[in-house]
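# The sequence isn't on hand, but the structure is:
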């Protein structure tokens, strides 16, 4: 089954016992009746399993070419579950350019429990091995990274991780399974903030994981059940609905993203544009091989690195909405230094390029002429 068909049908059987509905029903229930203790129809209590959630989890596994999927109450809850595979004294090697919420979870929560984190540039994947020690138990990768759009060679990092018997997880939120499938490239875990492209309509908060290995899946299922940060059935229904149009939405996100990137790169008031589709973008050749297209996310800086100028620009946008998040059908603009990455110390932000004039765009699926006109009036 090819991807476009998987997005609509993968892992989704018509199993409604009452009316054979085409869409998976929303099982808005906390518990399930039993004929006798342990004699039930597969479900006991909705923290451990719910038919709507289970259908979504199968669908997530399907589009990522995994065998097992899990749905959590948020993307950070999904990351939290992965970190609970570790113990005090373990080390994590992480991308240094990553979502601010992930950085905050790593440093403000898990460092207190004795887990150490090393944040490194992974653009040259060969250097990752230099930071591995006997305590290293997890390599955490974002690609494309948030917000600098850096590209990391998943296959090469996975080869290094496998050589040292280290788990490798990839945050695939920006690309989605439509553009790249990390499990096929050797990763052990793929994570999504399903709030973004998978849901696609800015109306749900959720996180997902997908894996191939049964032992790893069993550990994560136990953590999901024991910790309880599950996704509710209504939210699962919304993401299931979103998955069915993921492929057509991503096509338009990619088309519009390319045209916006090209427009900005030719504007005299714009200094830098970060988009993996440019031939001069660092590791473009890797993006070309591990991704099917380059996505709808990009960042840019105005000339002069002026904080106030960047703030005025995003305030003037009319079609682009100034808001946190990304991946919805509507175009969004953000100022990472004061919004999504404010939890990262300024000196650390600027080391990786998150300067005061950096603006991040999530290019939606509106008419491209309206998007270009909006950028033009805001910049000028």
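Right, received. Where do you want to start? In this text the structure is predicted, and so the values were computed from the model without any measurement.

# Figure out how far the lowest-mean-pLDDT helix or strand in the chain is from the centre of its chain.
For the chain, using mean pLDDT, DSSP states H and E, the weakest element among its helices and strands is helix 346-351, scoring a mean of 87. In this view, helix 346-351 has its centroid 22 Å away from the chain centroid, taken as CA atoms, centre = their mean, to the nearest Å.

# Stretch 256-276 too?
23 Å.

# Likewise for stretch 99-119?
18 Å.

# Check which residues of the least confident helix or strand of the chain are buried.
By neighbour count on 16 or more other CB atoms under 10 Å, the buried set for helix 346-351 is residue 349. For every residue, glycine as well, the C-beta is placed using N, CA and C.

# Name the residues that touch that helix?
The contact list for helix 346-351 (CB atoms under 8 Å, 6 or more residues apart in numbering) reads 96, 119, 336-337, 341, 355.

# let's see it at 10 Å
Helix 346-351 is contacted by residues 96-97, 100, 103, 107, 119, 121, 147, 305, 336-337, 341-345, 354-356, 358 when judged by CB atoms under 10 Å, 6 or more residues apart in numbering.

# show me where the stretch 1-150 of the chain has strands.
Taking DSSP state E, counting those that start in this stretch, the strands of the stretch 1-150 of the chain run over residues 68-72, 91-95, 116-120, 136-142.

# hey, where'd the helices end up in the stretch 101-250 of the chain?
Using DSSP state H, counting those that start in this stretch, the helices of the stretch 101-250 of the chain run over residues 154-163, 176-179, 214-227, 233-243, 246-265.

# Just name the most buried of these.
Each of those was scored by mean neighbour count; the highest is helix 176-179, a mean of 25, by mean count of other CB atoms under 10 Å.

# follow-up on the earlier one: may I see the strands of the stretch 1-150 of the chain arranged in CSV, with mean neighbour count and mean pLDDT as well?
What follows is the strands of the stretch 1-150 of the chain, written out as CSV (neighbours: other CB atoms under 10 Å; pLDDT from 0 to 100):
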stretch, mean neighbour count, mean pLDDT
strand 68-72, 26, 98
strand 91-95, 24, 98
strand 116-120, 17, 98
strand 136-142, 23, 98
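
# hang on, the earlier thing: please convert the buried members of the contacts of helix 346-351 into PyMOL selection syntax.
With 16+ other CB under 10 Å as the criterion, this PyMOL line picks the buried residues out of the contacts of helix 346-351:
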select buried, resi 96+97+100+103+107+119+147+336+337+341+344+354+355+356+358
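
# This completes my enquiry, with thanks.
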